[in-house]
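K.L.:
Need a 3D model of the following:
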Amino acid sequence: MTADEINIPKIALNNETPGVQNESSVLVPKANIEETHIEGGGGRLQPKMEAGDKKGNGLLIKISIGFMALILFILVAIGMPAFLTYQKGLVLYKSVKDLEAAAKAQDLTKIKSQIDVTNKSLAAFKTSYLLLSWTKIVPYLGGYVSDLGHGVNAAQAGLDAGTIVITAIEPYSDLLGFKGANGQQIAPTDGAKTAQDRIDFVVKSLPSLLPQIDKISGKMKVVENEVSQINAERYPIQFKGIQVRSSIKTGQELVNQASTLLVNGKPVIENAPTYWEWTRRGHIFYFFKTTKS
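P.N.:
Predicted coordinates:
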């Protein structure tokens, strides 16, 4: 007899139950939960956080703290000194305007007083600027900070030159038309009653001013050197209707001309009495020649 005739059941190799019709199976993915923990008293099970998630959250926290620290550093190291420098700059600007007004009024007493006030304002401004000067190494911002430093140095040398000038001309203030302590025009002295006498007195006194001329020239050289290092090209052509770049260039040219004039004018001052005497004699000779003819 054969196996079919004996009716021996076959072994199901595909895990099929004998006598049961095979149906298509559905695969369910296995949940890969390594560890669980019970939260509180609710008995709810939660999967344990992966190590990679912990590292990602820690990095995000570090970046946030670093960003906040950078903002705080900028506010403390740059913002506060910049604001303080701005405030001192406003005070200095007012002092310069007052000095300019005193010079236009030819009030010698006020000029001397205002130079002292401006010097103090400039010293306070320079102190606040020093707190900001380290930003010269910062790209883009550093160029403007460096220019500001050159401007401060030039202003200090300019004020020093102004002090020397006022000291030098004070004995001749009445001849130059300056006002006295009472705000009134200083009356000419007995030795300079006429215009001719005044010119003679000033010309003959010029050689005595040569030591002061040397000091003034030295200060103007400092001003010229500092101002020449300011890069006018990095500033806008105009801002709120004000010509910025051209004003800087014009100021640099004026300083250069003034410095050159002081250096080249020294021989003229030294020989001014001789030149003036020749001029007078020429006028006298011309007068007599005209009278005879």
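K.L.:
Averaged pLDDT, stretch 160-178. What do you get?
P.N.:
Here stretch 160-178 scores 83 as its mean pLDDT.
K.L.:
That one spans what distance, first to last residue?
P.N.:
With Cα to Cα, to the nearest Å as the measure, stretch 160-178 spans 20 Å from end to end.
K.L.:
residues of that stretch that come out buried?
P.N.:
Along stretch 160-178, the positions that meet the burial threshold by neighbour count (16 or more other Cβ atoms under 10 Å) are 160-166, 168-169, 172-175, 178. For every residue, glycine as well, the C-beta is placed using N, CA and C.
K.L.:
Among those, which ones are in strands?
P.N.:
When DSSP state E defines the strands, the subset of these inside them is empty.
K.L.:
Can I get the helix or strand hosting Ile63 in PDB? Just the C-alpha atoms.
P.N.:
When secondary structure is defined using DSSP states H and E, the element that contains Ile63 is helix 51-74. Listed in PDB are the C-alpha atoms of helix 51-74, where the atom choice follows Å, rounded to 0.1, in the frame of the first residue of the first chain:
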ATOM      1  CA  ALA A  51      21.800  58.700  25.500                       C
ATOM      2  CA  GLY A  52      21.900  60.500  22.100                       C
ATOM      3  CA  ASP A  53      18.800  62.600  23.100                       C
ATOM      4  CA  LYS A  54      20.500  63.600  26.400                       C
ATOM      5  CA  LYS A  55      23.600  64.800  24.500                       C
ATOM      6  CA  GLY A  56      21.500  66.800  22.000                       C
ATOM      7  CA  ASN A  57      19.600  68.600  24.800                       C
ATOM      8  CA  GLY A  58      22.800  69.300  26.700                       C
ATOM      9  CA  LEU A  59      24.500  70.800  23.600                       C
ATOM     10  CA  LEU A  60      21.400  73.000  23.000                       C
ATOM     11  CA  ILE A  61      21.600  74.300  26.600                       C
ATOM     12  CA  LYS A  62      25.300  75.100  26.300                       C
ATOM     13  CA  ILE A  63      24.700  77.000  23.100                       C
ATOM     14  CA  SER A  64      21.900  79.000  24.700                       C
ATOM     15  CA  ILE A  65      24.100  79.900  27.700                       C
ATOM     16  CA  GLY A  66      27.000  80.800  25.500                       C
ATOM     17  CA  PHE A  67      24.800  83.100  23.400                       C
ATOM     18  CA  MET A  68      23.400  84.800  26.500                       C
ATOM     19  CA  ALA A  69      26.900  85.300  27.900                       C
ATOM     20  CA  LEU A  70      28.000  86.800  24.500                       C
ATOM     21  CA  ILE A  71      25.100  89.300  24.600                       C
ATOM     22  CA  LEU A  72      25.900  90.200  28.200                       C
ATOM     23  CA  PHE A  73      29.600  90.700  27.300                       C
ATOM     24  CA  ILE A  74      28.700  93.000  24.400                       C
END
